[in-house]
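K.L.:
A structural model of the following input is requested.
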Amino acid sequence: MPEAREPRTAAEPPGSGTPAPTKLSIEKLNVSFGSVTALSDVSLDIADGEFVCILGASGCGKSTLFNVVSGLLKATSGKIVLDGHDVSNRPGQVGYMLQKDLMLPWRTVLGNITLAASLTRGATAQDRAEAAELASRYGLGDFLNHYPHALSGGMRQRVAMMRTIAAGRQVMLLDEPFGALDAQTRLGMQQWLLQLWRDLKRTILFVTHDVDEAIYLADRIVVMTPRPGRIAEILTVDLPRPRPLEVLTTDTFVGLKRQIMQHLYH
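P.N.:
Predicted structure coming up:
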């Protein structure tokens with residue numbers, strides 16, 4: 001499939017009025033493992049405060065892309081630029097949340113949220129107070145002293161999200177964070193995440209296999225080809241924000257879904 005390229009300019013999220021400055025740039029990224037090419041010439045600019053979903057079949061390199069952006073994996077060529085600075089191969093520059101919540105069972109909810117501070121410099125009373133305030137604001141205030149075994153799957157994912165936010169990075173990589181949840185819980189988590197994103201004004205790069213989830217959440221959707229992973233198309237989601245559930249049945253939503261499905265199942 002020929003690669004469809006978008007002009008390398010900062011994105012303008014729907015409803016923003018003026019283009020936002022570029023926050024994160026992925027520049028001509030190539031990743032190979034021996035004779036296997038996982039990513040081929042991937043370039044993408046993400047605007048400050050933008051919500052971008054990465055969509056593609058299993059094995060298209062979505063998680064490999066995240067590992068490179070997070071600095072956990074060295075690319076064969078290309079670079080990652082954050083706020084105008086080359087951060088290639090430098091872990092800790094962005095927040096990274098995996099599908100598994102990876103909560104430490106011997107730490108309370110509050111202890112898990114403040115984990116990054118505890119590991120890097122030692123969590124202070126201020127860190128704990130700020131984490132408690134954040135958790136209380138977003139529905140976890142009654143669970144601060146609970147341990148992970150006492151929480152539902154959705155609650156554990158909320159704690160994992162709070163932990164990622166508390167790390168303080170303005171760019172957050174979310175790798176299928178709701179993939180293991182049932183449909184009803186997942187929809188509630190999507191709405192909760194959109195509220196967090198609106199309030200905290202973070203820049204989010206979100207991997208999913210779920211077409212409906214991508215359309216409901218994103219400003220733009222990056223559709224990737226099967227291995228080697230390339231950008232097949234970048235679609236702007238022209239739906240109002242905040243997004244009521246009614247958008248799921250609009251002609252715009254259905255049309256975008258049809259266009260994406262043609263790429264994924266051509």
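K.L.:
Could you use CA atoms for every contact and neighbour count after this?
P.N.:
Will do.
K.L.:
Where does Gly78 fall, secondary structure wise?
P.N.:
Element membership for Gly78, per DSSP states H and E: strand 77-82.
K.L.:
which residues touch the helix or strand that comes right after that strand?
P.N.:
Where DSSP H and E defines the elements, the next helix or strand beyond strand 77-82 is strand 85-86. Identification of contacts with strand 85-86 by CA atoms under 8 Å, 6 or more residues apart in numbering yields 79-80.
K.L.:
ok, 10 Å please
P.N.:
Applying CA atoms under 10 Å, 6 or more residues apart in numbering, the external contacts of strand 85-86 come out as 24-25, 79-80.
K.L.:
Show the average pLDDT along the helix or strand following it.
P.N.:
Per DSSP H and E, the first helix or strand lying C-terminal to strand 85-86 is strand 95-97. The average pLDDT within strand 95-97 is 91.
K.L.:
Centre of the chain to strand 95-97, how far?
P.N.:
Relative to its parent chain, strand 95-97 has a centroid offset of 8 Å by CA atoms, centre = their mean, to the nearest Å.
K.L.:
For whichever helix or strand comes after that strand, give the mean pLDDT please.
P.N.:
Next along the chain after strand 95-97, taking DSSP H and E as the criterion, comes helix 109-113. Mean pLDDT, helix 109-113: 89.
K.L.:
ditto for stretch 41-57
P.N.:
95.
K.L.:
start to end distance for it?
P.N.:
Using CA to CA, to the nearest Å, one end of stretch 41-57 lies 18 Å from the other.
K.L.:
Give me the neighbour count for Phe33.
P.N.:
10 (other CA atoms under 10 Å).
K.L.:
For beta bridges, what are the partners of it?
P.N.:
Phe33 has these beta-bridge partners by DSSP bridges: Val36.
K.L.:
Return the list of helices and strands in contact with the strand holding Gly78.
P.N.:
Applying 3 or more CA pairs under 10 Å, 6 or more residues apart in numbering; DSSP states H and E, one finds that strand 77-82 makes contact with strand 22-33, strand 36-47, helix 62-69.
K.L.:
Quick check: the two most widely separated of the contacts of strand 85-86?
P.N.:
Leu24 and Lys79 (10.7 Å; CA to CA).
K.L.:
Which one of these two is surrounded by more residues?
P.N.:
Taking neighbours as other CA under 10 Å, Leu24 and Lys79 compare with Leu24 leading, 24 against 20.
K.L.:
what bridges to that one?
P.N.:
Ile46, Leu82.
K.L.:
Apart from its chain neighbours, what residue comes closest to Ser88?
P.N.:
Of all residues not flanking Ser88 in the chain, Ile80 sits nearest, at 5.0 Å (CA to CA, 6 or more residues apart in numbering).
K.L.:
All set now, cheers.
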